[in-house]
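Peer 1: Give me a 3D structure for the following:
(5 chains, ligands or ions: 4)
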Amino acid sequence: MVEPVLTLSHLQKSFGALKATDDVSLTLIPGEIHALIGPNGAGKSTLIGQIAGKIAPDSGTITFRGRDVTQLSTAQRARLGLGRSFQISSLIPEFSARRNVMLALQARQGHPFRFLKPVQRDRGLIAGAQAILTRVGMAGRASVPSAELSHGERRLLEIAMALALEPACFLLDEPMAGMGTEGVGKLVSFLQDLKQQAPILLVEHDMDAVFALADRITVLVYGQIIASGSVEDIRHDPRVREAYLGDPA
Amino acid sequence: MTDLLRVEGIEVFYGASQALFGVDLTVQEGQAVALMGRNGMGKTTTIRTLCRLHAAYRGQVWFAGQTITTLPSYKAARLGIGLVPEGRRCFATLTVTENLIAAARPGAWTLERVQGFFPRLAERAGQQASTLSGGEQQMLAIGRALMTNPRLLVLDEATEGLAPVIRQEIWAAIRALKAQGLSILVVDKTLSELKPVADTCVILERGQSVWSGTPSQITPEIEHRYLGL
Amino acid sequence: MPEKSREYAVNAVLALGLLLVPLWALWAGEPFTITLATRIAILALAGVGLNIALGLGGMVSFGHAAYFGIGAYVAGILAQHAFLNTPVLGLPGSNQMLTIWPIAMLISGVMATAIGALSLRTSGIFFIMITLAFAQMVFYFAISWPAYGGEDGLPIYVRNQFPGLNTMRPWDLFLVAFGVLMAGLAFSALLRGSRFGAALMAIRQNPERAAAVGINPYGVQLTAFAISGMITGLAGALMADLTRFTSPSMMAWPMSGELIVIIILGGTGRLFGPVAGAAILVGFEVTFGGMTEHWKLWLGLVLLGAVLFARGGLIGLIAGKERHG
Amino acid sequence: MTTALFLEQVLNGLQLGLMLFLMSAGLTLVFGVMGLINLAHGSLYMIGAFFCAAAAAASGNFWLGLIAGTAAAAAAGALIEVTVLRRLYDRDHLDQVLATFALILVLSELTKIGFGPFPLFLDVPPILSGTVNLGIAQYPLYRLALIGFGLAVALGLWLLIARTRLGIRIRAGENDREMIAALGVNIRALYTLVFALGAGLAGLAGALVGAVQSVQVGMGEPVLILAFVVIVIGGIGSIKGAMVGALLVGVIDTMGRFLLPRLFGHFMEQSQAAGIGAALASMLIYVLMAAVLVIRPKGLFPAHA
Amino acid sequence: DPVTVGLITTLSGGGAGLGVDIRDGFQLALSMSGSDAIHLVVEDDGQRPEQAVQIADRMIQSERAQILTGIVWSNLAMAVVPSATAQDVIYVSPNAGPSQLAGAGCTPNYFNAAYQNDTMHEASGAYANVLGYENTFIMAPNYPAGIDALTGFKRYFEGTLAGELFTQLGQTDFAAEIAQIRASGADSIFIFEPGGMGISFMRQYAQSGIDLPIISAAFSFSQDVLPAVGDAALGVINTAEWSPDMDNAANQAFVAGFQEAYGRLPSVYAAQAFDSANLILSALAAADINDLPAFRTAMRAADFDSVRGAFRFGNNQHPIQNYYAREVVSVDGVLTNRLVGTAFEDHQDVYAADCAME
Ligand SMILES: Nc1ncnc2c1ncn2[C@@H]1O[C@H](COP(=O)(O)OP(=O)(O)OP(=O)(O)O)[C@@H](O)[C@H]1O
Ligand SMILES: Nc1ncnc2c1ncn2[C@@H]1O[C@H](COP(=O)(O)OP(=O)(O)OP(=O)(O)O)[C@@H](O)[C@H]1O
Ligand SMILES: [Mg+2]
Ligand SMILES: [Mg+2]
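Peer 2: Ligands and ions are numbered 1, 2, ... in the order given. Below you'll find the predicted structure:
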């Protein structure tokens, strides 16, 4: 078996009496899209937050590329190669789309304490950012400040920033949300390519997309994993139908 | 049937850049209208303008028989426009119940009824809104708009990020609300779910209303041309 | 971008004006005008320092007077020991600016790091208030610490020296201040264009996002805060030499307010904002201070007008809103 | 040092704390619910004291003065809100700092023009003058009354903010003004009201405390900074926090002034000990604040956990 | 040509009352003299040393002022005087006499027409002996002037100290101090709490129910603050080199003139400023200011009618004068001071010995 990129073992997180994450263990192996689905409030974003380093788990460990990262800060994990997108868009509002991506690129290259060399004339950064924006279909909007982008465009920029980090794995929290049917279609084929580059832990409510993309699906309900398996297994699992999928429309 | 909301030829600017170039739209009493279009075409801008959160540079908005083009937004809301905004925008530091109470105006929708409608909001009553899950926040935003006892419910991407079961519930709820006589203006990305609810569809393209008709009139050709399918 | 080039033009006018006006005064025999220009240059330098924290980093420090005062005290204390020929902490005093400046920057930098390390645990309004409170603490210490004059302050009987110049002459001192200001501006320009500057600005707008791409917000902000304190401290050392006096009131909170005023009047985050702001403020003080005893009323009204109607300060008024490429 | 003296000093500390709470209440209200940093709080405090002193002198009645002082400060607050501050809610704190800093200059100067440069006289009302025997010491009645006022204000504010719909809407407005307006709430009017209330509280504190202090131009600035310390320690926007913060500051400051010189008196000569003790005591509350923030960066009772 | 005199004083903020009195006293002397030898420029220093220095520079360098005066506070004087006098400008102090400028740092261009800081408190110490106080509690703010005050008092006081306390500069609540005073077993209290601190202290002291006698230098019981302290001040003994009821022609003319011009009683600051102006006028009449040594000699002669009666300079150009004890009384409902005794005659400060000038 291939060595997993990311391993969660026995993660536990409570908010007061609420167990948001209840003994969750899962892995992400190279080349796969691992979809994490579950009802609203099941604890998916909380789990992503713990992996990314925003929320400290009460117990359990997170192993990333063979290293225990449970105690590291968000920034440290990002530098190790964890790239995340936010469920609610989180961008640098005054920066143009291009500069947002450049920021991610520069952070990946390190040297944050370079005080004197001008970035704006850094050809490498600019070209790199432009290439990534082209990849997500935002080339034409590169110089628009991100505050002035429409909702859907911001979602695309989120993806672009995650790409720029060239991470060893992607944590994508509802990347399809807010995208039109057209956009979802594009993104699906895009993610299909992307997983070759790095495996993806995908949280998504758009089931058409999930079923089209996922190699494995884990279902979270009330913080617990109730099922895990292939698309077919999950699609027909009665517990999942009841808790999450509802009647096929 | 009378027109509850009528939008005529509105043009809107963000700073120096124009976002709307003439949008027309009518919602009749008791009707559900769907506003459609690709990303960035101006749906949200249209909605913000008719809720008076953004000023129209040109054009008129009438609601319930009076022009509201220059009314402050709180007055427009008091006339009966209930907004579920894009991105939810719950009051982050308030509890769930406080969010609902903040919006309350007298009418058929009370705290109990809203909590009955979305039981999850009763379960999470004392929790701070910022810590709710995305879907819970969405429910809260709808519940909050209902608490204002609106005549027209305006939903901008109200099912975004919701689990399929909940979405089905929400669509059912929207249908139920419509059946109770509430007028509805709705923006959503999922056409398959939108079509059964809408009486009329209006399509925006680059800040202009370019097509309108009943859902059944939407041909594959139109879908391809305006919605990118 | 025409706006960008208009900003460059404004900057050039400011820099040239600040040099040419005292030059004219030298020719016309108006030494006080030179003194005023020196004062503007020094206050502008203090503003350049604060602008790094406040304009670029969004850290609204209401306590930068502390670093300004610490710089001034370093100059005053070293000069006094040099004058009396007594040691400080076992080392000799000094009346050489080139020795005093690095020490002033070092000590204000250390202080800024300590205060910043605590203050940056908070943000927003908390940050404003805690920086204010820390500055007050330093202020009270200076007032009640008798060794260097306490509230009476510390005179510098003979100005500290700069190689090749006679600092007792107004024009020579002006050249020193102007040179340091230009160096400070150049440094600040490079900083804002650098990766560090980009990270700092990003953190100001969205720290969580910055962390998610791998930037450590705390470290970057603390570094910027320390640099900011050092530059303001350097300005304090110069100010002590200009007034030939150091007093705790240089670290009292109205001074912190004044530094903020300078920045906002000129244009927050704008490279030359502090220069424009200092010129406006000093010009106003001098013009109205002699005219009416109620000049503070008018100053207040002018400030109000500036906040309400001239967003972006003078430079914003002329060159339009700032764009971050 | 006798136990009685020690206890009296503890009481003095608590009393000072309640006085500080009175001074900070309006500030924390405006901070907490409107997200507005109001440096001119001290100036409103001063206005309250001046109008109270002037009205009390003119009418011979302290209580009329108290009403006049509170009303004048509230009116000034409403005026400021309508003309200046309401344009600044959407701006960052920096603009608010500058605008309210400017207001300090304007209000101080106007007060001086209106009332002259000399301090005014304001005495405690006859029924509250004199002392009561508390067993440990004769205690001034007026100070006991201040304790009562402080507690009443705390309770009233807490009820208003936490328990009324008005309070909820105000807090909602702090989160998202545009949204609360889109839900039909006239948030503009609400904010004017809240600010006037905060200003009125500042004026009330100024009038009450003015009777035991000096009513003079500039009296507001030290109060402002103390109030900042109190609020930072307690947690901005939390009434409970302001109360606890104020009591802590009051007790620690008083006990520091009382005990530190005695402590140093054991090692050194009396006048030197007095000097060093006083110097350290003056920094004590800032040390306290730093310590609190190291442990709890959002203060002891963060309003938004 | 009239000589330009620059008057830098505090006209805004909490200390404005003192500056206003100094300005008014100075201007009154000019108008009463009818002389046009002086062109007066007045400016507000905001009680900030940097501001004062800048104004001084401007008055000297651009308005060609040859004489400066007006500063209220020691710390501002310390900032302005050394550099102004080094530029060959005469400085006449209408208030504040920091010890540095009286002792080793004395300079020929600096004249103090008021008092040396310590002397006012020394007078309190001496008069406390006269009153028979034996066990006094002493208290002052913790800053140089406060430390000097207690040192000055102790220099002449012969009894024991029941306690010695430093308060904080700008302190407004004195409950903790009052409790200690009550517990100390003192028979009297000496305080130096200038400005608002004194008002606050006296209010709170009056409410505390303690009735130990208070002795103090004039600062907390001068005419500028007395109305604000109110009846709590009645009976307090305070020491100064002047009192409004002094029985000499110059003083009677001054007090009447001041009341007529400004509608209030003059404070000790106004009296000192009035004397400063007359001192300058007398020297200008006797010598040309452009001949600086001659002008200084004329200043040293102090040939003018002082409102405090006899007035002469010592070697350090600080006054050698009498200090009186005054009592706060109410005359027709107005609080004011009345002479009750003499603390010192022809008293000179101790620092004069350190001054190298002859
Ligand atoms: N800081 C917190 N304090 C208290 N409860 C919290 C906190 N954060 C999250 N929760 C609760 O934990 C549960 C899990 O939330 P989470 O955001 O992880 O859900 P989710 O699975 O991402 O849902 P969605 O699909 O709707 O985004 C929710 O019930 C939420 O209310
Ligand atoms: N605050 C803003 N400033 C400047 N331009 C804006 C702003 N908000 C939106 N726009 C622009 O206005 C246009 C319309 O945006 P709008 O948000 O109305 O689109 P939308 O149809 O709602 O898109 P989506 O489906 O992505 O939500 C877009 O081109 C967008 O870039
Ligand atoms: Mg989620
Ligand atoms: Mg939209």
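
Peer 1: does the helix or strand bottoming out on mean pLDDT in chain A come close to chain B?
Peer 2: Within chain A, no helix or strand scores below strand A:82-85, which has a mean of 76 by mean pLDDT, DSSP states H and E. No. Counting by Cβ under 8 Å from any Cβ of the partner chain, chain B has no neighbours in strand A:82-85; the shortest distance is 13.1 Å. C-betas here are computed from N, CA, C, even on glycine.

Peer 1: Check which helices and strands that strand sits against.
Peer 2: For strand A:82-85, the elements it packs on are helix A:44-52, helix A:151-164, strand A:169-173, judged by 3 or more Cβ pairs under 8 Å, 6 or more residues apart in numbering or on different chains; DSSP states H and E.

Peer 1: got the CA positions of the helix or strand following the last one in CSV?
Peer 2: The C-terminal neighbour of strand A:169-173 among helices and strands, as given by DSSP states H and E, is helix A:181-197. Taking Å, rounded to 0.1, in the frame of the first residue of the first chain, the C-alpha atoms of helix A:181-197 are listed here in CSV:
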residue,chain,number,x,y,z
THR,A,181,-23.5,25.0,-13.4
GLU,A,182,-21.1,26.0,-16.0
GLY,A,183,-18.4,26.8,-13.4
VAL,A,184,-19.0,23.5,-11.5
GLY,A,185,-18.5,21.6,-14.8
LYS,A,186,-15.2,23.3,-15.4
LEU,A,187,-14.1,22.9,-11.9
VAL,A,188,-14.8,19.1,-11.9
SER,A,189,-12.6,18.6,-14.9
PHE,A,190,-10.0,20.9,-13.3
LEU,A,191,-9.9,18.9,-10.1
GLN,A,192,-9.6,15.7,-12.0
ASP,A,193,-6.3,17.0,-13.4
LEU,A,194,-5.3,18.5,-10.1
LYS,A,195,-5.3,15.3,-8.2
GLN,A,196,-2.4,14.1,-10.2
GLN,A,197,-0.5,16.9,-8.8
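
Peer 1: helices or strands next to whichever helix or strand comes after helix A:181-197 in the packing?
Peer 2: Next in sequence after helix A:181-197, counting helices and strands by DSSP H and E, comes strand A:200-203. Applying 3+ Cβ pairs under 8 Å, 6+ apart, we find strand A:200-203 packed against strand A:33-37, helix A:44-52, strand A:169-173, helix A:181-197.

Peer 1: out of those, which comes closest to C:Asn206?
Peer 2: Nearest of the helices and strands packed on strand A:200-203 to C:Asn206, taken as Cβ to Cβ: helix A:44-52 at 14.8 Å.

Peer 1: and the angle from the helix or strand just after that closest one to strand A:169-173?
Peer 2: On the C-terminal side of helix A:44-52, the closest following helix or strand by DSSP H and E is strand A:59-64. Taking axes from the mean of the first three to the mean of the last three Cα atoms, to 10 degrees, strand A:59-64 and strand A:169-173 form an angle of 120 degrees between their directions.

Peer 1: Up against chain E, what does the stretch 101-250 of chain C have?
Peer 2: Taking Cβ under 8 Å from any Cβ as the measure of proximity, the stretch 101-250 of chain C contacts chain E at C:140, C:143-144, C:146, C:149-153, C:155, C:157, C:239, C:243-245, C:247, C:249-250.

Peer 1: TSV please, covering the helices and strands packed on strand A:200-203 and showing mean pLDDT.
Peer 2: Below are the helices and strands packed on strand A:200-203 laid out as TSV (pLDDT from 0 to 100):
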stretch	mean pLDDT
strand A:33-37	93
helix A:44-52	91
strand A:169-173	88
helix A:181-197	84
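
Peer 1: Need these in CSV (columns: distance to chain E and mean neighbour count).
Peer 2: Below are the helices and strands packed on strand A:200-203 laid out as CSV (distance: least, Cβ to the nearest Cβ, whole Å; neighbours: other Cβ atoms under 10 Å in any protein chain shown):
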stretch, distance to chain E, mean neighbour count
strand A:33-37, 60, 25
helix A:44-52, 47, 24
strand A:169-173, 54, 25
helix A:181-197, 61, 17
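
Peer 1: one step back: which of the residues of the stretch 101-250 of chain C next to chain E fall in strands?
Peer 2: The strands, defined by DSSP state E, take in C:Pro155, C:Phe245 from those.

Peer 1: Could you give me the ChimeraX syntax to select whichever of the residues of the stretch 101-250 of chain C next to chain E are buried?
Peer 2: The buried residues among these can be selected in ChimeraX (16 or more other Cβ atoms under 10 Å in any protein chain shown) with this line:
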select /C:140,143,144,146,149,150,151,152,153,155,239,243,244,245,247,249,250
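
Peer 1: Among the residues of the stretch 101-250 of chain C next to chain E, which ones lie close to ligand 3?
Peer 2: Cross-checking these against ligand 3 (Cβ under 5 Å from the ion) gives no overlapping residues.

Peer 1: In helices, which of the residues of the stretch 101-250 of chain C next to chain E fall?
Peer 2: C:Tyr140, C:Ile143, C:Ser144, C:Met239, C:Thr243 (DSSP state H).
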